[in-house]
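Asker: Quick check, what structure comes out for this input:
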Amino acid sequence: MNQDLVAELINALTILPGVGKKSAQRMALYLLDRNKDGASILANTLNKAVENVQRCSSCRMLTSNILCNICSDKSRDASSICVVESPSDVLAIESTGGYKGSYFVLLGRLSPIDGVGPTELGINDLLKRINLDGVKEIILATSSTVEGDATAIFIKDHIKNAKVSRISYGIPIGGELEYVDGTTIARAIEGRVDINVD
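Answerer: Now for the predicted structure:
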């Protein structure tokens, strides 16, 4: 006997972060009972996004175009690259309105135990972009964790012809950018410090 589609939808919704069985039940019942038009829009949009969203060819942000909206915006400062761990970090920084440069998304942080090295993070792509585009400043906005710090130091050690700074002010130790409020992130960007490794 086939599983009931209501139960199937509830189970499917539980794959979302922070959505447990009860929340999934509420969402499913709301979409099916009170907002079928909204459910159709959601289903169609999600289907199109799954089929068409890819990585930006320049910064590796998620987009349905070859270049994301940030990389294709000529008014942004291409001489500054903010290096982040995930697309959600880009959205967190963008929500502050305090940074007008470009980005590079690592899609993680160095973690040899998990098999994540410089190749998996695209660090060679970042270094090529820095050299080809004449970048003057790299802002390292990796998380304040052991792995995030190790990633920042590794990148800093491989950059020769650009100023390298690291956000620090206001970001708690062990904190993830996506969970920090916009004002704190803006102050962290403004209060970034040069990295000097002796």
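Asker: contacts and neighbour counts: CA atoms only from here.
Answerer: Fine.
Asker: where exactly do the strands run in this structure?
Answerer: Per DSSP state E, the chain carries strands over the ranges 54-55, 62-63, 77-84, 101-105, 137-140, 163-166, 193-194.
Asker: quick one: low-confidence ranges for the chain?
Answerer: 1-3, 168-173, 187, 196-198 (pLDDT under 70).
Asker: how does it look with 90?
Answerer: 1-3, 96, 98, 112-115, 117, 131-134, 143-146, 148-149, 160-162, 166-198 (pLDDT under 90).
Asker: Could you chop it up by domain?
Answerer: Taking automatic domain parsing as the reference, the chain has its domains at 5-52, 75-194.
Asker: can I get these in a markdown table with distance to Ile66 and mean neighbour count?
Answerer: What follows is the domains of the chain, written out as a markdown table (distance: least, C-alpha to C-alpha, whole Å; neighbours: other C-alpha atoms under 10 Å):
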| stretch | distance to Ile66 | mean neighbour count |
| --- | --- | --- |
| domain 5-52 | 11 | 13 |
| domain 75-194 | 15 | 18 |
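Asker: Turn those domains into TSV, columns for distance to Arg60.
Answerer: Below are the domains of the chain laid out as TSV (distance: least, C-alpha to C-alpha, whole Å):
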stretch	distance to Arg60
domain 5-52	15
domain 75-194	5
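Asker: The strands of the chain: which one's closest to Leu31?
Answerer: strand 62-63 (26.6 Å; C-alpha to C-alpha).
Asker: closest one to Arg34 among the strands of the chain?
Answerer: Comparing the strands of the chain by C-alpha to C-alpha, strand 62-63 comes nearest, at 31.2 Å.
Asker: helices or strands up against the closest one?
Answerer: strand 54-55 (3 or more C-alpha pairs under 8 Å, 6 or more residues apart in numbering; DSSP states H and E).
Asker: show me what contacts the spatially most central residue of the chain?
Answerer: In the chain, the residue lying closest to the centroid (C-alpha atoms, centre = their mean) is Pro87, at 1.9 Å. Applying C-alpha atoms under 8 Å, 6 or more residues apart in numbering to Pro87 gives the contacts Met61, Leu62, Val105, Leu107.
Asker: Closest one of those to Ala39?
Answerer: Leu62 (23.4 Å).
Asker: how about a markdown table for the strands of the chain, with distance to Lys36 added?
Answerer: Converted to a markdown table, the strands of the chain look like this (distance: least, C-alpha to C-alpha, whole Å):
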| stretch | distance to Lys36 |
| --- | --- |
| strand 54-55 | 29 |
| strand 62-63 | 27 |
| strand 77-84 | 38 |
| strand 101-105 | 36 |
| strand 137-140 | 44 |
| strand 163-166 | 47 |
| strand 193-194 | 51 |
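Asker: So which of these is nearest Thr45?
Answerer: strand 62-63 (13.7 Å).
Asker: was I right about Ala152 contacting Thr142?
Answerer: Yes: with contacts counted by C-alpha atoms under 8 Å, Ala152 reaches Thr142, the gap being 6.5 Å.
Asker: related to what we said a few turns ago, so which of the domains of the chain is nearest Asn69?
Answerer: Of those, nearest to Asn69 by C-alpha to C-alpha is domain 75-194, at 10.5 Å.
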